[in-house]
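Chemist: Could you look at this predicted model? Sequence included:
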There are 2 protein chains.
Amino acid sequence: MSKNKKNFRPKARRVKGFEDRSGAVLRSEQQLLGAAASVFDAHGFEPLATPSFEYADALGKFLPDEERPNEGVFALEDDDRQWMALRYDHTAPLARFVAQNYDGLAKPFRRYAMGSVWRNEKPGPGRFREFIQIDADTVGSKNPAADAEMILLAAEVMRAIPAISSNFTININDRRLLDVLLTDIGIAQNEAGDLQKGIVVRAIDKLDRLGERGVELLLGEGRKDESGDFTKGAGLSPADIETVLRFTRTGCDQRTDTLSALQGLLGTSESASSALNELKLIDNLLEKSGINSQQARFEPSIVRGLGYYTGPVFEADITLQTTDDKGRPVRFGSVGGGGRYDGLVARFKGVEVPATGFSFGISRLAAMLAGFASKDEHHNGPVVVLALEPEHMDSYFAMASELRANGIRAEVYMGTSGMKAQMKYADKRNAPAVVIVGEDERKAGTVTVKNLALGSKMSAEITDNARWRAERPAQTTDKRDQLLSMVKAVF
Amino acid sequence: MSKNKKNFRPKARRVKGFEDRSGAVLRSEQQLLGAAASVFDAHGFEPLATPSFEYADALGKFLPDEERPNEGVFALEDDDRQWMALRYDHTAPLARFVAQNYDGLAKPFRRYAMGSVWRNEKPGPGRFREFIQIDADTVGSKNPAADAEMILLAAEVMRAIPAISSNFTININDRRLLDVLLTDIGIAQNEAGDLQKGIVVRAIDKLDRLGERGVELLLGEGRKDESGDFTKGAGLSPADIETVLRFTRTGCDQRTDTLSALQGLLGTSESASSALNELKLIDNLLEKSGINSQQARFEPSIVRGLGYYTGPVFEADITLQTTDDKGRPVRFGSVGGGGRYDGLVARFKGVEVPATGFSFGISRLAAMLAGFASKDEHHNGPVVVLALEPEHMDSYFAMASELRANGIRAEVYMGTSGMKAQMKYADKRNAPAVVIVGEDERKAGTVTVKNLALGSKMSAEITDNARWRAERPAQTTDKRDQLLSMVKAVF
């Protein structure tokens, strides 16, 4: 920074990869958070808020993007030389909280949490480094019913959002199925094998984006992307690659058909049967709860990118067709997901504390819904009371206050410009009406209310501009005590 | 971090100076934010959310605690070697936003913003490094009516919080009055003088904590605190120190009396008159809006710590008497404040964009209000449906779902323990009732509902433990289709 404070003028620029949000987007965020929080609350979850920062060693290294500085997090060193980092999700802080407060908690511990999470990713179009998630988790239960409940919660949240309603599919898989498969094809049960498994999981996670051919390269020797960067692959043989890809293709329209197909592929080893039996239990609870195979599907190509999952995983996809900036139809895709992570609390405790959760990503969805809503945004601003005589601000304050006391959003023009600028201001604020008391009105004890919604409609329809101006039909003047009823008539 | 991932076990510990919040505190936060947002919204302010991070040069250096690393902020270097820092308030990011989007905004620009702010302070009891603020600001107006509106907003927000109601005072001052005084006693109008003024402002800001004697030292040569650390003073002469202290003592019970006293002390120079005239305008608008001198007071000892204020400043104090951990009465003190900062956008633009705002600190107040509310927290948890036969989870899910569909918060026990542990769980969750269907009930087509609130009340009253157990009066059994009415009877 410049030492010459007086003359230093910083450039006003938002930090790269972050966004400013306003109006419709924020209202959308609030609605989505409210809808999800109500569902979680009704299901008995309690709110919990942990700090934005955790010690870096407590957060662990579970992000898929390990090549970034600090492995994808925003980290800094505290006074006492301990590294702290902004949370990249709500799950890792929950694990720390549970481990720290274990003895005092009712178990299973059920909480929901909402707020920003931060990822130190390469900024790109539509990729933000801060976004909002709301999560529910059940910690301290290995009961597969807890996993089924998470999938039900996801379905209920989707249904609670009018714009989504029934346009969603929840894709379910189980990490253990892939483990069984990878053990079968001879991947070692050691640290080297774990690294290789990690590469396979991240490769499958890219099926959507790269297609089978790209994933095939990542399962084999590796892949060079468009920019020329080379990503090292898992080094599987062609036959093993085909086995893995066949596994990702086992998803059928009916959940029970997928279970049969998986049984055929994975055989009847104890570990395979154990995972498949839990999926059967989940299928049964979903079926009995009225969630059919269109709403929740077994889909073995879904793996979830985060490194801490150990059992059932799922992803909620919005199937609503939307359009991009250029009007082309796009699939919205995943808005959240979750799964079982039995090892995360064990990192601290040394004993296993099984857990399962659901995380719902608010930011991208809010932006899309705000796009739908923006056409209704006209004339939804405050009523603006013009400030035409500075020495009579108190009477303008009184009028705005009277309107607000009657439930009408209202403000006094707070600038120092003249009438024309004040009318322009009211237009720009989407004001439904302006209240005008100039010298004439003041002396006559009257007030003029101009209906801006009607005014803009009429000026669009009427071509005889002069006549319209002379008659000013969108404007009425009456006694001061009629203010409220005149303004009410505008709505 | 240890390279040996497998054996590394981090200690579960919250980062120093941060807090975990749950239940009553979070509900309190939501209520306070909701109350303030409604007031701001009714007054025509629009919501805006800026990112947590700003470039460090854009945030500027306005925090009082300049001796801390990074001058009191959490900062880190981005990939492109630009320093970014977490916001320490909502005002500096607003200035950046306005400067960046100036031409497209309706002016005056009126927005409200809420969320965490971060201060890299030395952690101490009750001092947190992350806390929640909600702000309203009017940018682009030098109209003193905009300052008066901010004070009115503060009063309306206080009144909208039932636990506070009329137990508040808003203390108002004007930075320019102190400027006039300091110019009068010969402090130079240059960079050295500005530094000296800064020391004077920060000294006066500590009146509450250090008393007149401590402030006297800080206005003079300096002060050694309890820990032996020495803070360099402003270096004023004893006569000038007395003049400054006399200024801080001019507050009277009536606003108009304080104005007269200030006029006497500061004389009739143009700069003194200009500031005093604006305070007169503010007094008039407050008076006409029904805010008397008990609710809003002129108080020259109030300066506000932040360095960017240029005109009227104010602070909202809660006068409600509360008690500390040991039951001793404490004054709650300031919950927020604000003022005029005409230079903040000019830092970017080079032209002055006058602005004024109000910031309301949520976190400490929410903790206090949650303390009041906690006695009502018994039996406000979810109804717990016990899971006694794992193979019948679907019927437990159906019962909880039926209760939720009728507006009753309900969950199925998600663990894998037996009945005794499940009853303990329900107690710990503050469940008002448990729903019991074991083998007997299932075969008979019945359901048992146990009223835990009544049960704990009776077990406290009744001494004949054996009789009470035999009769089990807090427990009823009826046909399965009576579940809803049995549970409703508990509330």
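Modeler: Now that the structure is in, tell me what you want to look at. Numbers count the residues shown, from 1 in each chain, chains lettered A, B, ... in the order given.

Chemist: ok, which stretches of the stretch 101-250 of chain A are strands?
Modeler: All strands of the stretch 101-250 of chain A, identified by DSSP state E, counting those that start in this stretch, fall at A:109-118, A:130-139, A:168-174, A:222-224, A:230-232.

Chemist: Next: the stretch 301-450 of chain A.
Modeler: A:312-323, A:329-340, A:355-361, A:383-385, A:410-412, A:433-436, A:446-451.

Chemist: Surely residue A:285 forms part of a strand?
Modeler: No - with DSSP: H, G, I helix; E, B strand; the rest coil as the criterion, residue A:285 is helix rather than part of a strand.

Chemist: so it sits right up against residue B:396, yeah?
Modeler: No - the pair residue A:285 / residue B:396 is not scored as a contact, 9.9 Å apart, by Cβ atoms under 8 Å. Any C-beta I mention is one placed from the backbone N, CA and C, and that applies to glycine too.

Chemist: so is residue A:264 in a helix, a strand, or just coil?
Modeler: Residue A:264 carries the three-state label helix when classified by three-state DSSP.

Chemist: what's the neighbour count on it?
Modeler: Residue A:264 has 9 neighbours, counted by other Cβ atoms under 10 Å in any protein chain shown.

Chemist: what about it, distance to chain B?
Modeler: 26 Å (Cβ to the nearest Cβ, to the nearest Å).

Chemist: now swap in residue A:154 and tell me
Modeler: 15 Å.

Chemist: same question, residue A:313
Modeler: Residue A:313 is 18 Å from chain B, where distance means Cβ to the nearest Cβ.

Chemist: Tell me the spatial nearest neighbour of that residue, not counting adjacent residues.
Modeler: Once flanking residues are discounted, residue A:313 sits nearest to residue A:339: 3.3 Å by Cβ to Cβ, 6 or more residues apart in numbering or on different chains.

Chemist: Out of the strands of the stretch 301-450 of chain A, the one nearest residue B:209 is which?
Modeler: strand A:410-412 (37.6 Å; Cβ to Cβ).

Chemist: Return the list of strands paired to the closest one, each annotated with direction.
Modeler: Within its sheet, and counting by DSSP bridges, strand A:410-412 is paired with strand A:383-385 (parallel).

Chemist: from the middle of its chain, how far away would the partner strand be?
Modeler: 35 Å (Cα atoms, centre = their mean, to the nearest Å).

Chemist: helices and strands of chain A: which one has the lowest mean pLDDT?
Modeler: Every helix and strand of chain A was ranked by mean pLDDT, DSSP states H and E. The lowest is helix A:465-471, at a mean of 59.

Chemist: after that one comes which helix or strand?
Modeler: strand A:475-479 (DSSP states H and E).

Chemist: secondary structure class for residue A:292?
Modeler: Per three-state DSSP, residue A:292 ends up coil.

Chemist: Excluding residues flanking it in the chain, which one is nearest the residue most central in space within chain A?
Modeler: In chain A, the C-alpha nearest the mean C-alpha coordinate belongs to residue A:362, at 1.7 Å (Cα atoms, centre = their mean). Spatial nearest neighbour of residue A:362, chain neighbours left out: residue A:132 (4.2 Å); criterion: Cβ to Cβ, 6+ apart.

Chemist: Please name the residues that touch that neighbour.
Modeler: Residues in contact with residue A:132 (Cβ atoms under 8 Å, 6 or more residues apart in numbering or on different chains) are A:29, A:33, A:114, A:115, A:116, A:117, A:361, A:362, A:363, A:366.

Chemist: tell me which of these is nearest to chain B?
Modeler: Ranked by distance to chain B (Cβ to the nearest Cβ), the contacts of residue A:132 are led by residue A:116 at 6.3 Å.

Chemist: State the distance from the residue nearest to the centre of chain A to residue A:37.
Modeler: Applying Cβ to Cβ, to the nearest Å, the value for residue A:362 to residue A:37 is 11 Å.

Chemist: and for those two, which residues touch both?
Modeler: Counting by Cβ under 8 Å, 6+ apart, the shared contacts of residue A:362 and residue A:37 are A:114, A:134.

Chemist: pLDDT below threshold where in chain A?
Modeler: Residue ranges of chain A with pLDDT under 70: A:1-7, A:63-71, A:373-377, A:460-473.

Chemist: any idea how far residue A:409 is from the residue nearest to residue A:378 when sequence neighbours are not counted?
Modeler: Counting by Cβ to Cβ, 6+ apart, residue A:378 lies nearest to residue A:430, which is 6.0 Å off, once chain neighbours are set aside. Residue A:430 sits 11 Å away from residue A:409, going by Cβ to Cβ.

Chemist: rewinding a little: name all residues that make contact with the residue nearest to residue A:378.
Modeler: Neighbours of residue A:430 in contact, by Cβ under 8 Å, 6+ apart: A:377, A:378, A:379, A:380, A:381.

Chemist: Please flag which of these sit within helices.
Modeler: Members of those lying in helices (criterion: DSSP state H): none.

Chemist: Among these, which one lies nearest to chain B?
Modeler: residue A:381 (7.2 Å).

Chemist: so that closest one sits right up against residue A:434, yeah?
Modeler: No - with contact defined as Cβ under 8 Å, residue A:381 does not reach residue A:434; the gap is 10.7 Å.

Chemist: Find the residues that touch each one of the two.
Modeler: residue A:426.

Chemist: who in the stretch 151-300 of chain A is up against chain B?
Modeler: Within the stretch 151-300 of chain A, the positions near chain B by Cβ under 8 Å from any Cβ of the partner chain are A:152, A:191, A:281, A:284, A:285, A:288, A:289.

Chemist: Generate a ChimeraX selection restricted to the buried subset of these.
Modeler: To isolate the buried subset of these in ChimeraX, counting by 16 or more other Cβ atoms under 10 Å in any protein chain shown, use the following:
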select /A:152,281,284,285,289
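
Chemist: Between all of the residues of the stretch 151-300 of chain A next to chain B, which two are separated the most?
Modeler: Once Cβ to Cβ is applied, those give A:191 and A:288 as the farthest pair, at 42.1 Å.

Chemist: what residues are up against the closest residue to residue A:369 other than its chain neighbours?
Modeler: Using Cβ to Cβ, 6+ apart and skipping the chain neighbours, the partner closest in space to residue A:369 is residue A:28 (4.5 Å). By Cβ under 8 Å, 6+ apart, residue A:28 lies in contact with A:365, A:366, A:367, A:369, A:370, A:373.

Chemist: Tell me the one among those residues nearest to chain B.
Modeler: Of all the contacts of residue A:28, chain B sits closest to residue A:366, with 10.6 Å by Cβ to the nearest Cβ.

Chemist: so of the contacts of residue A:28, which ones are in helices?
Modeler: Using DSSP H, the contacts of residue A:28 in helices are A:365, A:366, A:367, A:369, A:370, A:373.
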